[in-house]
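[1] Here's my sequence, what's the structure:
(2 chains)
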Amino acid sequence: MRFNPNWLVLPAAMVAISPAYATEYLNAEQAAKAIFPEADKYTYAPVALSKEQMKEIQKRSGIMQRWAKQDVWRAEKNGKLIGYFITDNVIGKHEFITYGTGLSLDGRVRGIEIMTYKETRGDEVRQASWRNLFRGKTLNDPFKLNKDIPNISGATLSCKNIMNGVKRLLVLQDMVLQKA
Amino acid sequence: MLKRMRPYLGTYVEIGAHCALGNEVNAIDAAFMAIQEIHNLMSFHQIESDISRLNMAKGNWVEIDKKTKACLKFAKTISRFSDGLFNPTIGGELVEVGILPNHGFGNYSNISDANIIEINGNQVRLLAPALICLDGIAKGFAVDYAIKCLKSLGCEYGWVNAGGDIRVFGNHIFPISIRNEKGRDIEIGGIQNCAIATSVVRKKHNQNFPSWIIGKNKRQGSYSIMASSAWRADALTKIACNFNKNIASEKITQLGGHLIEV
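    Numbering: from 1, shown residues only, chains lettered A, B, ... in the order given. Next up is the predicted model:
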């Protein structure tokens, strides 16, 4: 086995930069269309949960339902409901993520699309400015959105927070959304 | 140019591509399906995967997909050339420390010898009751497979980043940063038509970063490997920390990679 370098490394200085950037992939409408391309209408139908319902979701999924309002869209085709598109946030120790998931009426996951992704250091998560970054879609935050550095090689971050989120949303669907 | 991110392989996978034909959406969808296919074939967690069926076959022949076969062959090869430092029979030890699930395997032993994996045609069997785990190489293998998919659909350039295992292709220079164990990003410049992977060796297991390297003499630190394919870069990051610092670079070069320690 011989090492045959066929790549190019620019003679850049080794510079440490702050990981203060976020990547925006899709807005809610684009994500809904990506998961339910056959739908002709997406109706915004947010769900308001009572405290009891929030507790019940936590009891059944094992995951805390942190907010009383969940953004839900009804995906429809020819006036018929075909599934739900739900947006949700992951606020982990190392990541701030907004994602959308499509659930079919029989409670199966149609797809998951990351809408906005930000990987961060643990200490930054506690700062209010970081939390604000993920509030709404405005992104008028003090951090520059750097779209030129898409490739970061580092220790592999687990996606268990997303999987837990989806597990929670499946329970939410079972409890409060119309089945057919 | 279009990029998307989805959760696969236990991590976040970003795929980006530029296609002059304008078929980025389809190409990226197909590349994600390729990732999912490898995930389903080689996952230790999923009990219906080729690897789980092999681990539960009690030494009997198991029919496997040709991609699983290719990955097992890569694992055996890199194990042989690294004198067993790369070890795809590590599953049992990882089950014992609670990092991997026990699917009710019964009795198994911790044998560090990839030669117990016997391949014949599209069948494979284990000559000793060890547990096979391709987690040290399958993510890179999945990245390579997804890149092949983007190329076959006519993309001019693109990349796949599976939780830090990155491969890029085409007439485009991609800026790369390495995130070290302290969470700092170190710019290393641009790469073209190659792969890079990073493993961080910590004192204690961290559920947020579940990768865990077994080795008696492993050194703590952040190890990045550049190579022509992602499977090789991925596999060599598992070996680098087990070499003494003054020979690690040379040994990794002999195995077809380029070591970067930041």
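[2] got the residue ranges for the strands in the chain?
    Let's take chain A. Using DSSP state E, the strands of chain A run over residues A:15-17, A:23-24, A:41-44, A:47-48, A:69-70, A:72-77, A:80-91, A:95-104, A:109-119, A:151-153.
[3] my question was about chain B
    B:2-8, B:11-18, B:62-63, B:117-120, B:123-126, B:157-162, B:165-170, B:174-179, B:185-191, B:194-201, B:221-227, B:258-261.
[4] Dump those strands to a markdown table, plus mean neighbour count.
    Placement of C-beta: from N, CA and C, glycine included. Listed next are the strands of chain B as a markdown table, based on neighbours: other CB atoms under 10 Å in any protein chain shown:
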| stretch | mean neighbour count |
| --- | --- |
| strand B:2-8 | 21 |
| strand B:11-18 | 24 |
| strand B:62-63 | 16 |
| strand B:117-120 | 14 |
| strand B:123-126 | 19 |
| strand B:157-162 | 26 |
| strand B:165-170 | 26 |
| strand B:174-179 | 23 |
| strand B:185-191 | 20 |
| strand B:194-201 | 26 |
| strand B:221-227 | 25 |
| strand B:258-261 | 19 |
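[5] For the ones you listed, give me CSV that also has mean pLDDT.
    Output for the strands of chain B, formatted as CSV (pLDDT from 0 to 100):
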stretch, mean pLDDT
strand B:2-8, 95
strand B:11-18, 96
strand B:62-63, 98
strand B:117-120, 98
strand B:123-126, 98
strand B:157-162, 96
strand B:165-170, 97
strand B:174-179, 90
strand B:185-191, 88
strand B:194-201, 93
strand B:221-227, 94
strand B:258-261, 94
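[6] CSV please, covering the ones you listed and showing distance to residue B:90.
    Listed next are those as CSV, based on distance: least, CB to CB, whole Å:
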stretch, distance to residue B:90
strand B:2-8, 22
strand B:11-18, 19
strand B:62-63, 19
strand B:117-120, 12
strand B:123-126, 13
strand B:157-162, 20
strand B:165-170, 18
strand B:174-179, 25
strand B:185-191, 29
strand B:194-201, 14
strand B:221-227, 17
strand B:258-261, 21
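[7] These into CSV, with extra columns for distance to chain A?
    Shown next, in CSV, are those (distance: least, CB to the nearest CB, whole Å):
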stretch, distance to chain A
strand B:2-8, 4
strand B:11-18, 5
strand B:62-63, 28
strand B:117-120, 20
strand B:123-126, 23
strand B:157-162, 6
strand B:165-170, 5
strand B:174-179, 3
strand B:185-191, 4
strand B:194-201, 4
strand B:221-227, 6
strand B:258-261, 7
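[8] give me the low-pLDDT residue ranges for the chain?
    This is for chain A. A:1-21, A:120-150, A:180 (pLDDT under 70).
[9] beta partners for the nearest residue to residue B:54 once chain neighbours are set aside?
    In space, and not counting its chain neighbours, residue B:54 is closest to residue B:62: 4.8 Å by CB to CB, 6 or more residues apart in numbering or on different chains. With DSSP bridges applied, residue B:62 shows beta-bridge pairing to residue B:124.
[10] Next up, the contacts around residue B:62.
    Applying CB atoms under 8 Å, 6 or more residues apart in numbering or on different chains, we find residue B:62 in contact with B:50, B:53-54, B:123-125.
[11] Equivalent analysis for residue A:68, please.
    Residue A:68 touches A:48-51, A:54, counting by CB under 8 Å, 6+ apart.
[12] ok, now residue B:104?
    Per CB under 8 Å, 6+ apart, neighbours of residue B:104: residue B:56.
[13] what's it sitting at in phi/psi?
    phi 80, psi 50 (degrees, to the nearest 10).
[14] residue closest to the middle of chain A?
    Central residue of chain A (CA atoms, centre = their mean): residue A:99, 1.8 Å from the mean position.
[15] what residues are up against that residue?
    Going by CB under 8 Å, 6+ apart, residue A:99 touches A:31, A:87-90, A:112-115, A:162, A:165.
[16] Please report the distance of it from residue A:37.
    Plainly put, residue A:99 is 18 Å away from residue A:37 if you go by CB to CB, to the nearest Å.
[17] Residue A:57 now?
    Distance, residue A:57 to residue A:37, by CB to CB: 29 Å.
[18] between those two, who's got more neighbours?
    residue A:57 (23 against 9; other CB atoms under 10 Å in any protein chain shown).
[19] Quick check: the nearest residue to the more buried one once chain neighbours are set aside vs chain B, distance?
    Setting aside the residues directly before and after it, residue A:57 is nearest to residue A:65 in space (CB to CB, 6+ apart), at 4.2 Å. Computed as CB to the nearest CB, to the nearest Å, the residue A:65 to chain B distance reads 20 Å.
[20] give the contact list for residue A:65.
    Counted by CB under 8 Å, 6+ apart, residue A:65 has contacts A:49, A:53-54, A:57-58, A:168, A:172.
[21] Can you pull the phi/psi pair for it?
    phi -90, psi 100.
[22] ok so, going back, any idea which of the contacts of residue A:68 has the most stuff around it?
    Neighbour max across the contacts of residue A:68 (other CB under 10 Å) = residue A:49, 18 neighbours.
[23] Surely that residue and residue A:176 touch.
    Yes: counting by CB atoms under 8 Å, residue A:176 is a contact partner of residue A:49 at 7.1 Å.
[24] What is the neighbour count of residue A:177?
    Neighbours of residue A:177 using other CB under 10 Å come to 20.
[25] Which phi and psi values does it adopt?
    Per-residue torsions, residue A:177: phi -110, psi 150 (degrees, to the nearest 10).
[26] so who does residue 161 touch?
    You didn't pick a chain, so chain A it is. Applying CB under 8 Å, 6+ apart, we find residue A:161 in contact with A:90, A:92, A:95, A:97.
[27] Not quite, go with chain B.
    So residue B:161 contacts A:150-153, B:13-15, B:143 (CB under 8 Å, 6+ apart).
[28] Any idea which residue of chain A lies closest to chain B?
    residue A:154 (2.9 Å; CB to the nearest CB).
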